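A.B. asks: show me the folded form of this:
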Amino acid sequence: MKIMNVSKISFLLLAGFLALFVSCDVDNECPEGNICVVGNTLEYQSSTDRAKLIIDVPEGAAYNNEAITVSDLVPDYPAQTNFQRSDLHFGGGWFMIEPINMDFKKLITISIQFPQEAKIDGLGNTWADKYLLYYVDHDNWTIVNDSEVLINENKVTGQVLRLGEYAVAAPKPCIVGDWRTPSNNSYGYNARVVFLIANKGWRELIKDCDPTWVEDLQPTRENFEWSLSNDTLLQVFNFSAISECGVSGTTSSDVDNIAVYCEDFQLELFGFNFYGSDFFLRYE
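C.D. replies: Numbers count the residues shown, from 1 in each chain. Got it, this is the predicted structure:
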């Protein structure tokens, strides 16, 4: 999926020195949607997801004077945007820096500061210490060598010799996430199972709780804990009582050993026996 540019701004790289001056606010912060330059360091503050791009160019790194363009590729806050990458958790901050064919004599440092809200996703999983800097080429996301996350600064950084698209993301293990069966109802699924990194989760089925023609869709939810004893065997245990349309149901058995099959980020659970469905697709 190609993301349309939200904002674009240019600056001039003078054979290693950055030439563009934008005044910072009273807190010495770069205004949203603007570039600030201090010495050989450029900062671009996104106005869409509160991420910040930082480029450090050492003296003499560029061969020639070049006009550099920064494009903000995130159309809205990352909590609502997954970019159709089920194998990666996007952390906020995705920038195109052009021209991509510009050569450098020395390594430059590209950093992306992700927003505080991107540390934990909507499922309660913590990602901050797992973030990496990625070079993006169409659907190919490549980890920048030796990229590292500075958790206290909410920043991921790496050294590169080329411009291009850079983003912050974390690789996602196949079993973790929100897995759903296809549906046409307003919830977007008939049934789903959620595995949290904290080894907890729940499974639910959408029920129509109104016996008349009026639709009253409510989730029937059951909490559980889980562990992965090897690559193919999932242990799901400590189920809670099921509440269906406001009425408590029976409690499941203490332990279910389930064979897991995971390929292309589709999940098949053999022996799960979850409301007649053993096949789920990852949903973000």
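A.B. asks: from Leu205, how far off is the residue of the chain positioned farthest from its centre?
C.D. replies: In the chain, Thr212 marks the outermost C-alpha relative to the chain mean, sitting 41.2 Å out by Cα atoms, centre = their mean. Separation of Thr212 from Leu205 (Cβ to Cβ, to the nearest Å) stands at 20 Å. C-beta here means a position set from N, CA and C on the backbone, and glycine is covered the same way.
A.B. asks: my read is that Ile35 contacts Thr41, right?
C.D. replies: No. If you go by Cβ atoms under 8 Å, Ile35 and Thr41 don't touch, sitting 11.0 Å apart.
A.B. asks: compare these two (neighbour count), which wins?
C.D. replies: For Ile35 versus Thr41, neighbours defined as other Cβ atoms under 10 Å are more numerous around Ile35 (21 against 14).
A.B. asks: per-residue confidence at the residue nearest to that one when sequence neighbours are not counted?
C.D. replies: Leaving aside its chain neighbours, Ile35 sits nearest to Tyr44 (5.0 Å; criterion: Cβ to Cβ, 6 or more residues apart in numbering). Tyr44 carries a pLDDT value of 87.
A.B. asks: kindly report the same for Leu163.
C.D. replies: The model's pLDDT for Leu163 equals 93.
A.B. asks: and it, how many neighbours?
C.D. replies: For Leu163, the neighbour count with other Cβ under 10 Å is 25.
A.B. asks: how does this structure divide into domains?
C.D. replies: As recorded under automatic domain parsing, the domains making up the chain are 7-171, 177-283.
A.B. asks: which one of those domains is the most hemmed in?
C.D. replies: Highest mean neighbour count among those (mean count of other Cβ atoms under 10 Å): domain 7-171, with a mean of 17.
A.B. asks: tell me the contacts of Ile175?
C.D. replies: 195, 228, 234, 260, 262, 267 (Cβ atoms under 8 Å, 6 or more residues apart in numbering).
A.B. asks: kindly report the same for Pro171.
C.D. replies: 87-89, 130, 132.
A.B. asks: ok, so of these, who is nearest Arg50?
C.D. replies: Of all these, His89 has the smallest distance to Arg50: 17.2 Å, by Cβ to Cβ.
A.B. asks: so the closest one versus Arg282, what's the distance?
C.D. replies: With distances taken as Cβ to Cβ, His89 is found 11 Å from Arg282.
A.B. asks: ok, now Trp226?
C.D. replies: With Cβ to Cβ as the criterion, Trp226 and Arg282 are 16 Å apart.
A.B. asks: where does the prediction get shaky in the stretch 1-150 of the chain?
C.D. replies: 1-29, 33, 75-84 (pLDDT under 70).
A.B. asks: same list (the contacts of Ile175) but as JSON lines, adding distance to Arg50.
C.D. replies: Listed next are the contacts of Ile175 as JSON lines, based on distance: Cβ to Cβ, whole Å:
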{"residue": "Phe195", "distance to Arg50": "28"}
{"residue": "Leu228", "distance to Arg50": "34"}
{"residue": "Leu234", "distance to Arg50": "37"}
{"residue": "Val260", "distance to Arg50": "37"}
{"residue": "Cys262", "distance to Arg50": "33"}
{"residue": "Leu267", "distance to Arg50": "32"}
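A.B. asks: closest to Ile108 among those?
C.D. replies: Among those, and counting by Cβ to Cβ, the member closest to Ile108 is Cys262, at 37.9 Å.
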